[in-house]
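K.L.:
Predicted model and sequence follow; I will ask about them next.
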Amino acid sequence: MFTTRFLVGYVAGTSALFGAVAWLSRARLRRIAGALAAVAVFTALSAPIDNLGAATGLWVYPSCNDPPHPPLAAYLGQALEFVGCLALIGWRIQRRFGARGIAWLFALALPLGACRDFGAAAIFPDVIRFGAMPGALLADVAAWAVVLIVALGVSRVIAGPARADALR
């Protein structure tokens, strides 16, 4: 699954998606830098989170043996796709709707993220398998909460509060 060809295409595709979201959200350089910093932080956190998931029996990657998690490029692609894009989308939502908008973002992203993960596990059982319920589901939802917290928190530290940016 994680061939060099796949990983190059995946990172290129998620980079293009991130660029499209940056353009559509009309983010300026400081906001893009904040989102990319969040991508870097989450990329660094991904393998330890997956190692914890494997050690506790919550999820495993059957096609990955040594190490027991996907390669760094896969984490970078996922971080661009989810953390980077959610940082930019969350910035616009927070700018427009404030804390209520962020609460709605969490209320939508956590269950949708879990549906995405469990759907992928059903379609690609050799890529990821989840452990016993409800523990695996709760851990996956918690992992998605970490995605949003990192996306919004790191981008705020780097780029400042949502209202600090002038809209263009």
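P.N.:
Yes, it's here.
K.L.:
which helices and strands does whichever strand or helix holds residue 43 pack with?
P.N.:
For residue 43, the host element (DSSP states H and E) is helix 29-55. Packing contacts for helix 29-55, counted by 3 or more Cβ pairs under 8 Å, 6 or more residues apart in numbering; DSSP states H and E, involve helix 4-24, strand 59-60, helix 72-78, helix 85-123, helix 135-159. In short, each C-beta sits where N, CA and C put it, glycine included.
K.L.:
Dump those to TSV, plus distance to residue 129.
P.N.:
Written out in TSV, the entries for the helices and strands packed on helix 29-55 read as follows (distance: least, Cβ to Cβ, whole Å):
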stretch	distance to residue 129
helix 4-24	19
strand 59-60	5
helix 72-78	16
helix 85-123	6
helix 135-159	9
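K.L.:
Same list, these, but as JSON lines with distance to residue 52, mean neighbour count and mean pLDDT please.
P.N.:
Shown next, in JSON lines, are these (distance: least, Cβ to Cβ, whole Å; neighbours: other Cβ atoms under 10 Å; pLDDT from 0 to 100):
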{"stretch": "helix 4-24", "distance to residue 52": "23", "mean neighbour count": "14", "mean pLDDT": "96"}
{"stretch": "strand 59-60", "distance to residue 52": "10", "mean neighbour count": "18", "mean pLDDT": "92"}
{"stretch": "helix 72-78", "distance to residue 52": "14", "mean neighbour count": "19", "mean pLDDT": "94"}
{"stretch": "helix 85-123", "distance to residue 52": "15", "mean neighbour count": "16", "mean pLDDT": "95"}
{"stretch": "helix 135-159", "distance to residue 52": "9", "mean neighbour count": "19", "mean pLDDT": "95"}
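K.L.:
for the ones you listed, which one sits closest to residue 34?
P.N.:
If you check each of these against residue 34 by Cβ to Cβ, helix 135-159 wins as the nearest, at 3.2 Å.
K.L.:
any idea of the angle that closest one forms with helix 85-123?
P.N.:
Using axes from the mean of the first three to the mean of the last three Cα atoms, to 10 degrees, the inter-axis angle of helix 135-159 relative to helix 85-123 is 160 degrees.
K.L.:
residues in contact with helix 135-159?
P.N.:
Outside of helix 135-159, the residues that reach it under the criterion Cβ atoms under 8 Å, 6 or more residues apart in numbering are 30-31, 33-35, 37-38, 41-42, 45, 49, 53, 56, 58-59, 82-84, 86-88, 90-91, 94, 102, 105-106, 109-111, 113-114, 117-118, 130, 162, 165.
K.L.:
Sounds good, over and out.
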